[in-house]
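Student: When you get a sec, could you give me coordinates for this:
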Amino acid sequence: MDKLSKESKEYLIKREINEYEVVIGLEVHAQVLSESKLFSSSPTKFGSEPNTQVSLVDAAFPGMLPVINEFCIKQAIKTGIGLKAKINKKSVFDRKNYFYADLPQGYQISQYKNPIVGEGSVILDMPTGEKKVNIERLHLEQDAGKSIHDIDPQSTLVDLNRSGVALMEIVSRPDLRSLDEVNFYIKKLRSIMRYLGTCDGNMQEGSLRADVNVSVRKKGTKELGTRCEIKNVNSIKFMQMAIDYEANRQVDIIEKGGVIDQETRLFDTKKNETRSMRTKEDAHDYRYFPDPDLLPLELNDVFINDIKKTIPELPDEKKKRFIEKFKLSSYEANILVSDIETSKYFEEVSKNSDVKLATNWITGELFALLNEKNLEIIDSPISSNNLAKLISLIKNGTISGKLAKSIFEMMADGDKDPNKIVEEKGLKQQSDPKELEKIIDKVILENPQNVKSYKSGKDKLFGFFVGQVMKRSGGKANPQLVNEILKKKLN
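Tutor: Numbering: from 1, shown residues only. So this is what the prediction gives:
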């Protein structure tokens, strides 16, 4: 789990155990993976120069009409299917009216009473067991632009590159009860969308962020407390920190006899605190009404079923298959299916090598290497093909596990073939019993006192003899054979 300050985390846990529980709901804004925007053909490439991806529609020039992007509709439906949700055959685009400098139309095209996706659910594989989080809805909406305050000391600048980018807003029920559950929920949601190819989930690029609704109540109480919404939080760590602070803030107010105001708040990442933005708006404050420029969206069964046929194997199904086919534990399977690229890498390695060794090497040495170099598995410096070769060398006795770790480090420098490394460095394991017997005989002959002590009951000296044999062989002796021959010779 992402780290919180120890004191802050313990404070929240203590409060929860004694009297209160925190109730959390998330409104996740996931950018649709699409090359063009929701209502225009403008590109959506991240990191482009300001205002270079803006059409007349995005800039709200008079007379410019939105045209729905069919691909974004399909992406939303795919996500809904992945969330085991109801796909609504009729949905409506509405105008959500509010003013911001980076919202050129003066309203946002969104969906209110009639979203494209209805109720669904996500299953979290928590350490304590499965946890079901209910999804209330998924609706499509356009993103706003971006106000920039730190370039000109006298002015706020506006970049409209994001204006009109398609977002899926996934609204959960207030089913989350802890920081851990928030962590698992966001990661599971992101994993599902990556498997589907509907959102890349890159929080550092702003393609996945959330509004976090937090309230507290006395344990055992069924009625929900007054919630505060923390806007636009863009990392799991910050979500957890914001919830921690906000829950404690609300408890402090209640314990002092105060009342929680329903409001929208911001999380200050530098001060590690939430602060008030404005009183929380209700739906009527936005004056929603159907967008007159967009007809209701009507889908038929053929259209929906054609999309269902394109749905790949998702994390829950893949986990079940890994457990049944590869005899993995639930914990191992969870790790390997958590990311689509990790699952692909594992399957490529395991089809050409020992499954158990593949699991251990991927979740052990490979993950450690990727963490050290801050890389995703898709950018791994060691290909799945070469890792499979290394595992095969261990399995057939050509190299020892200890030597394999040294070879693994060499492989990371340019994805080198382990077979060539073994050949060039002369690292092939000695597995000829006759040659090993010669080395063992010499070790026994040169250490008569230790032999006598071992035979008199000092069993720990066996490790001494193994070490001497490995030293004489330059670490190349087959450990299993060494153990077998030594036992016969010493006993």
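Student: okay, CA-based contacts and neighbour counts for the rest of this
Tutor: Noted.
Student: moving C-terminal of the lengthiest helix in the chain, what's the next helix or strand?
Tutor: Taking DSSP state H as the criterion, the chain has its longest helix at helix 236-255. Remark: after helix 236-255, the chain's next helix or strand is strand 263-268, criterion DSSP states H and E.
Student: Now that following strand: average pLDDT?
Tutor: The pLDDT scores in strand 263-268 average 95.
Student: picking that back up, what helices or strands is the longest helix of the chain leaning on?
Tutor: Contact partners of helix 236-255 among helices and strands, from 3 or more Cα pairs under 8 Å, 6 or more residues apart in numbering; DSSP states H and E: helix 6-18, helix 179-196, strand 208-218, strand 273-279.
Student: Mark out where each domain of this structure begins and ends.
Tutor: Domain ranges of the chain: 6-308, 315-425, 433-490, per automatic domain parsing.
Student: With mean neighbour count as new columns, can these be given to me in a markdown table?
Tutor: Converted to a markdown table, these look like this (neighbours: other Cα atoms under 10 Å):
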| stretch | mean neighbour count |
| --- | --- |
| domain 6-308 | 18 |
| domain 315-425 | 17 |
| domain 433-490 | 15 |
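Student: follow-up on the earlier one: which one, of the helices and strands packed on helix 236-255, ends up nearest to residue 347?
Tutor: Nearest to residue 347, of all the helices and strands packed on helix 236-255, is helix 179-196, at 14.9 Å by Cα to Cα.
Student: Tell me which other helices or strands that closest one touches.
Tutor: With contacts taken as 3+ Cα pairs under 8 Å, 6+ apart, helix 179-196 sits against helix 70-82, strand 120-126, helix 236-255, helix 315-326, helix 340-350.
Student: For residue 145, which of these is the nearest?
Tutor: Closest to residue 145 of these, according to Cα to Cα: helix 70-82, at 18.9 Å.
Student: Including distance to residue 265 and mean pLDDT, could the helices and strands packed on helix 179-196 go into TSV?
Tutor: Converted to TSV, these look like this (distance: least, Cα to Cα, whole Å; pLDDT from 0 to 100):
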stretch	distance to residue 265	mean pLDDT
helix 70-82	28	98
strand 120-126	27	96
helix 236-255	9	96
helix 315-326	34	96
helix 340-350	35	96
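Student: Identify whichever of these lies nearest to residue 424.
Tutor: helix 340-350 (23.9 Å).
Student: Kindly export the following helix or strand past that closest one (C-alpha atoms) in CSV.
Tutor: Moving toward the C-terminus from helix 340-350, the next helix or strand (DSSP H and E) is helix 355-361. Extracted as CSV, the C-alpha positions of helix 355-361 are listed here (Å, rounded to 0.1, in the frame of the first residue of the first chain):
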residue,chain,number,x,y,z
VAL,A,355,5.8,-22.5,-14.3
LYS,A,356,6.8,-22.4,-10.6
LEU,A,357,10.3,-21.1,-11.4
ALA,A,358,8.7,-18.6,-13.8
THR,A,359,6.4,-17.3,-11.1
ASN,A,360,9.2,-17.0,-8.6
TRP,A,361,11.6,-15.3,-10.9
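Student: Now do the contacts for residue 285.
Tutor: With contacts taken as Cα atoms under 8 Å, 6 or more residues apart in numbering, residue 285 has no neighbouring residues.
Student: Under a three-state scheme, what state does it occupy?
Tutor: With DSSP: H, G, I helix; E, B strand; the rest coil as the basis, residue 285 sits in helix.
Student: My read is that residue 50 contacts residue 159, right?
Tutor: Yes. At 5.3 Å, residue 50 and residue 159 qualify as touching, with contact defined as Cα atoms under 8 Å.
Student: Which residue is the nearest non-sequential neighbour of residue 460?
Tutor: Using Cα to Cα, 6 or more residues apart in numbering and skipping residues adjacent in sequence, the residue nearest residue 460 is residue 454, 7.7 Å away.
Student: Now do the helix or strand hosting that neighbour: which elements does it pack against?
Tutor: If you go by DSSP H and E, residue 454 is part of helix 448-455. Under the contact criterion of 3+ Cα pairs under 8 Å, 6+ apart, helix 448-455 touches helix 461-472.
Student: Could you check how far the closest residue to residue 60 other than its chain neighbours is from residue 250?
Tutor: Nearest residue to residue 60, sequence neighbours excluded (Cα to Cα, 6+ apart): residue 105, at 5.2 Å. Taking Cα to Cα, to the nearest Å as the measure, residue 105 falls 36 Å from residue 250.
Student: CSV for the helices and strands packed on helix 236-255, including distance to residue 140?
Tutor: Shown next, in CSV, are the helices and strands packed on helix 236-255 (distance: least, Cα to Cα, whole Å):
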stretch, distance to residue 140
helix 6-18, 35
helix 179-196, 15
strand 208-218, 14
strand 273-279, 25
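Student: mind listing what the residue most central in space within the chain touches?
Tutor: Residue closest to the mean C-alpha point of the chain, counted by Cα atoms, centre = their mean, is residue 187 at 3.9 Å. Applying Cα under 8 Å, 6+ apart, we find residue 187 in contact with residue 338.
Student: and the gap between it and residue 28?
Tutor: Here residue 187 is placed at a distance of 12 Å from residue 28 (Cα to Cα).
Student: Over to residue 221?
Tutor: Computed as Cα to Cα, the residue 221 to residue 28 distance reads 27 Å.
Student: ok, now residue 452?
Tutor: As judged by Cα to Cα, residue 452 and residue 28 stand 71 Å apart.
Student: for residue 461, same thing?
Tutor: Here residue 461 is placed at a distance of 61 Å from residue 28 (Cα to Cα).
Student: about what we covered before: quick one: the helices and strands packed on helix 179-196 as CSV, columns for distance to residue 41 too.
Tutor: Shown next, in CSV, are the helices and strands packed on helix 179-196 (distance: least, Cα to Cα, whole Å):
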stretch, distance to residue 41
helix 70-82, 11
strand 120-126, 31
helix 236-255, 32
helix 315-326, 33
helix 340-350, 29
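Student: so which of these comes closest to residue 289?
Tutor: Closest approach to residue 289 among the helices and strands packed on helix 179-196 is made by helix 70-82 (20.5 Å; Cα to Cα).
Student: Where do the strands of the stretch 1-150 of the chain begin and end?
Tutor: With DSSP state E, counting those that start in this stretch as the criterion, the stretch 1-150 of the chain has strands at 20-31, 90-91, 94-97, 107-110, 120-126, 129-142, 146-148.
Student: Switch those strands over to CSV; also include distance to residue 263.
Tutor: Formatted as CSV, the strands of the stretch 1-150 of the chain follow (distance: least, Cα to Cα, whole Å):
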stretch, distance to residue 263
strand 20-31, 15
strand 90-91, 29
strand 94-97, 18
strand 107-110, 21
strand 120-126, 27
strand 129-142, 21
strand 146-148, 22
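Student: Those: lowest mean pLDDT?
Tutor: Mean pLDDT is lowest for strand 146-148 among those, at a mean of 92.
Student: which element follows it toward the C-terminus?
Tutor: Sequence-wise, the next helix or strand downstream of strand 146-148 (DSSP H and E) is strand 157-159.
Student: who does that next one touch, helix- and strand-wise?
Tutor: Using 3+ Cα pairs under 8 Å, 6+ apart, strand 157-159 sits against strand 146-148.
Student: So for residue 264, which of the strands of the stretch 1-150 of the chain sits nearest?
Tutor: Smallest distance to residue 264 across those (Cα to Cα): 13.3 Å, for strand 20-31.
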